[in-house]
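A.B. asks: Turn this into a structure:
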Amino acid sequence: MAHEIARGAVMLGVEGPALTASDRERLAHPLVGGAILFARNYVSRKQLSDLTLDIRSMRTPAPLIGVDHEGGRVQRFRDEFTRVPPMRTLGEAYDIDPIDALVQAEQWGRVIADELADCGVDFSFTPVLDLDFGVSIVIGDRAFHDEPHAVADLAAAVCRGLHRGGMAAVGKHFPGHGSVVADSHVDLPVDGRGYAEIAANDLVPFAALIKSELVDAVMPAHVLYPEIDSQPAGYSAVWLRDILRG
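C.D. replies: Predicted coordinates:
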């Protein structure tokens with residue numbers, strides 16, 4: 001990214017397709033380091049470019065601007081953007097022809113990076129590294145596959161495409177959201193498995209992409225794993241400090 005990165009720890013949303021006075025007040029706070037955009041913030045590519053330029057001009061160093069733009073049902077900007085397929089379609093292609101599926105995955109990563117960057121967005125929160133256990137109502141076809149190494153391979157290809165477009169890759173949802181039914185946007189899912197089972201399955205893609213230095217950041221899951229810690233992963237020193245960073 002060409003611009004200097006803001007240092008505040010908080011990433012927040014803005015109200016609509018243009019900044020309001022209250023948006024500007026919040027973005028000016030020294031603890032704010034970025035803005036996350038949603039469908040409510042999008043009308044057209046021109047409007048989006050104007051919005052990101054306005055956000056970036058608020059302060060120096062400029063806030064980072066991110067969006068959930070994975071493809072399928074989680075693609076916040078649609079009109080005038082290429083429709084990215086659900087990642088499960090790449091997993092299905094991988095079962096038929098792994099080499100071709102990896103080529104497709106890298107191409108989609110590049111498409112995401114190029115189109116977002118053209119409108120002033122710094123990164124998408126992608127790729128999804130969750131496994132498709134067939135139970136999660138919020139993950140579902142967002143996951144590449146149910147096999148950890150297939151997920152790692154396909155996600156690595158997406159990351160390479162993102163990097164080719166000059167964009168960071170953010171792996172999610174650590175340590176794995178695919179085995180719980182509830183939607184963490186409206187509930188607190190509880191995953192009762194022990195660490196050994198999670199490490200042997202869900203953590204495999206995270207470990208592979210971190211080891212290969214293909215992910216630049218990790219988003220934690222808002223899921224409680226009571227066998228490991230009493231706090232949800234996103235608030236857990238055990239998950240974030242001891243396991244992820246350690």
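A.B. asks: From here on, just use CA atoms for contacts and neighbour counts.
C.D. replies: Fine.
A.B. asks: Can you point out the buried residues in the longest helix seen in the chain?
C.D. replies: Taking DSSP state H as the criterion, the chain has its longest helix at helix 98-118. Neighbour-count burial for helix 98-118, counted by 16 or more other Cα atoms under 10 Å, picks out 98, 101-102, 104-117.
A.B. asks: Could you do stretch 66-76 as well?
C.D. replies: Here stretch 66-76 shows Gly66, Val67, Asp68, His69, Glu70, Gly71, Gly72, Gln75, Arg76 as buried, counting by 16+ other Cα under 10 Å.
A.B. asks: Would you map the strands across the protein?
C.D. replies: 10-13, 32-37, 64-67, 69-71, 74-75, 123-124, 170-174, 217-220 (DSSP state E).
A.B. asks: and Leu90, which of these is closest to it?
C.D. replies: Between Leu90 and the strands of the chain, the tightest spacing by Cα to Cα is seen for strand 69-71, at 11.2 Å.
A.B. asks: The closest one pairs with which strands, parallel or anti?
C.D. replies: According to DSSP bridges, strand 69-71 forms sheet pairs with strand 74-75 (antiparallel).
A.B. asks: what does the strand it pairs with contact?
C.D. replies: With contacts defined as Cα atoms under 8 Å, 6 or more residues apart in numbering, strand 74-75 is touched by Asp68, His69, Arg83, Val84, Arg142.
A.B. asks: give me that answer again for 7 Å
C.D. replies: Applying Cα atoms under 7 Å, 6 or more residues apart in numbering, the contact partners of strand 74-75 are Asp68, His69.
A.B. asks: mind checking how far that strand is from the chain centre?
C.D. replies: Centroid displacement of strand 74-75 relative to its chain, using Cα atoms, centre = their mean, to the nearest Å, is 10 Å.
A.B. asks: Check the gap between the residue nearest to Gly71 when sequence neighbours are not counted and Tyr235 for me.
C.D. replies: Leaving aside its sequence neighbours, Gly71 sits nearest to Val84 (Cα to Cα, 6 or more residues apart in numbering; 4.3 Å). Applying Cα to Cα, to the nearest Å, the value for Val84 to Tyr235 is 32 Å.
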